[in-house]
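Participant: Using only what follows, build the 3D model:
(2 chains)
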Amino acid sequence: MLIKKAADILSSEITPKSLYMNRRAFLAGTAIAGAAAVAGVGVREVASPSEVVQANAKIDGIKKSSFSTTEKITPYKDVTSYNNYYEFSTDKEGPAELAKDFKTRPWTVTIDGLVKKKQVLDVDAILKMAAPEERIYRHRCVEGWSIVVPWVGFSLSELIKRAEPLPKAKFVEFTTLNDPKQMPGLRVPVLEWPYVEGLRMDEAMHPLALLCFGMYGEVLPNQDGAPLRIVLPWKYGFKSAKAIVRIRFTEDQPINTWNKAAPSEYGFYSNVNPNVDHPRWSQAKERRLGEFLKRPTLMFNGYDQVASLYSGMDLKKYF
Amino acid sequence: MKLRWFKVVVFPACLVPLGYLGWKAYSGNLGANPIEAITHSTGDWTLVFLLATLAITPLRKLTGQHWLIRFRRMLGLFAFFYGLLHFLTYIWLDKFFDLHEMLADVAKRRFITAGLTGFVLLIPLAITSTSGWIRRLGGRRWNLLHRLIYFSAMAGVIHYLWLVKADLRKPLEYAFVLALLLGYRLVVWLAPKVGRSVSIPSGRVEVSEG
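Facilitator: Numbering: from 1, shown residues only, chains lettered A, B, ... in the order given. The predicted structure follows:
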């Protein structure tokens, strides 16, 4: 069978980002450099109007990042209509519609726990902490599918540094908004709410860990975690908490929601690892949305630069 | 007669789910993950047809509408048909005929094992669904063999329960309906043994019970 190595991606496979932006933005001429290559690729995506455009306010002054992959970006429409966001719905098609009227302003984030500067920050103040960067990351879901998304944000470390964690702080815990009025999925106890995720401090400080508030050059759509989320490209998608309202620094390892729900299936670390199967399915391969054949899953989702964080650890035990 | 015309309507109706799926595939409306959508749809319809098949006998007995039995074979074969499509989706679109991977799945993934069991159990039922086979086996043995559908449906529901991540609501709906349908049979079977003259419709020994 055909096994395509991730490393040898043809440049012809790389479609300009502009083609994947929604049609309105594209037609409005916000398409950036690269639009010259409009050579018929992805015409279907451009021609089919996106039904879920709502957060299409453009973000200015986005810098490029050397962390970006050159792989083909997943169409905007797919990334905004196929969402695992149980606070809205356990159906992947549900969040796009159900999050339409979600209020992302005013929005505050509580910084507390073992930090010098305990504070309640307005989200807009957080967005100004550093210049926005575009990070085109691979994103691998624990379910076995993957996407490539041009996120917008800056390293999570920018915020953490400003909070000045105490030496005792060993972990960071992220909490998602728990508002059943706005998020109908919270009325169903499929998971223990609110959604909690966590990182070891060195993981959180790693430059790849992204504090994210946009994608495809625009403000983050609600169904993708607006107004503020994290993106951890070397971990399974569920680690990348959405709609964050609290960042707490702790001495003890936080208990993340999925780990609590099924400890034998979802670990604290949940690094992408083709050699450690989910107890119920293999993690060796993944289906990149838009591709017919599955492709092999890469260790740490191809982000080898994080390997040193886990040197000496038995990743079968600390899955 | 009227029933034959009714069959002419029901048969294409049973193909509507497939037609709808085909139309969505053709028009590019299967969503971001079309193969997953096909897998889920064919799996869902397999369970729906299994439950519909199992609903015939209780419905018939409780309502006295005995003509319903004429549709049981068709519904059962459609369960097999959608199960086959579901199975083919797995071996072709999900595993790309990688035998090694599939064997590993069957051995290691209990939800796959359950699903495969459910499907395999349907094969002899589909084969022996003809009148010729009923004659050859004789009503009693044929009936006994076709009780395999109980286990097939149970395996199918367990397959679904074991594969979902956290939201058990949908598989539990199937499990609830299946429990009712099998529970009915259990009551019918137990009632005379308990020795009560519960007013359960007679006909326990007739060929068509199931």
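
Participant: which stretches of chain B have low pLDDT?
Facilitator: B:1, B:195-210 (pLDDT under 70).

Participant: Which one of the residues in it is closest to chain A?
Facilitator: Shortest chain B-to-chain A distance, computed as CB to the nearest CB: residue-wise this is residue B:32, at 3.5 Å. All C-beta spots, glycine's among them, are computed from the backbone N, C-alpha and C.

Participant: neighbours around that residue, how many?
Facilitator: Neighbourhood size, residue B:32 [other CB atoms under 10 Å in any protein chain shown]: 21.

Participant: which residues touch residue B:31?
Facilitator: By CB atoms under 8 Å, 6 or more residues apart in numbering or on different chains, the contact set of residue B:31 is A:81, A:82, A:92, A:93, B:37.

Participant: Next, the contact list for the residue lying closest to the third one once chain neighbours are set aside, please.
Facilitator: Take residue A:92 and drop its neighbours on the chain: the residue closest to it by CB to CB, 6 or more residues apart in numbering or on different chains is residue A:82, 4.9 Å away. Contact analysis of residue A:82 by CB under 8 Å, 6+ apart lists A:92, A:93, A:289, B:31, B:32, B:33.

Participant: Show me which pair in those residues is furthest apart.
Facilitator: Spatially, the most separated pair among the contacts of residue A:82 is A:93 and A:289, at 13.5 Å (CB to CB).

Participant: Show me the strands in the stretch 1-150 of chain A, by range?
Facilitator: Under the criterion DSSP state E, counting those that start in this stretch, strands of the stretch 1-150 of chain A are mapped to A:63-64, A:108-113, A:119-122, A:133-140, A:145-155.

Participant: Among these, which comes closest to residue A:232?
Facilitator: Nearest to residue A:232, of all the strands of the stretch 1-150 of chain A, is strand A:133-140, at 9.0 Å by CB to CB.

Participant: Tell me the neighbouring strands of the closest one, and mark each as parallel or antiparallel.
Facilitator: Sheet partners assigned to strand A:133-140 using DSSP bridges are listed as strand A:63-64 (parallel), strand A:145-155 (antiparallel).

Participant: Kindly report the residues of chain B close to chain A.
Facilitator: Proximity of chain B to chain A, by CB under 8 Å from any CB of the partner chain, involves residues B:28, B:31-33, B:35-36, B:94, B:96-98, B:101, B:104-105, B:108-111, B:162-163, B:165-169.

Participant: max-length helix in chain B?
Facilitator: Using DSSP state H, we find that the single longest helix of chain B is helix B:34-63.

Participant: any idea how far residue A:259 is from residue B:33?
Facilitator: Distance, residue A:259 to residue B:33, by CB to CB, to the nearest Å: 25 Å.

Participant: Need the strands of the stretch 1-150 of chain A in TSV (columns: mean pLDDT, mean neighbour count and distance to residue A:266).
Facilitator: TSV is the format used below for those (pLDDT from 0 to 100; neighbours: other CB atoms under 10 Å in any protein chain shown; distance: least, CB to CB, whole Å):
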stretch	mean pLDDT	mean neighbour count	distance to residue A:266
strand A:63-64	96	10	34
strand A:108-113	98	18	23
strand A:119-122	98	14	29
strand A:133-140	98	23	14
strand A:145-155	98	23	16
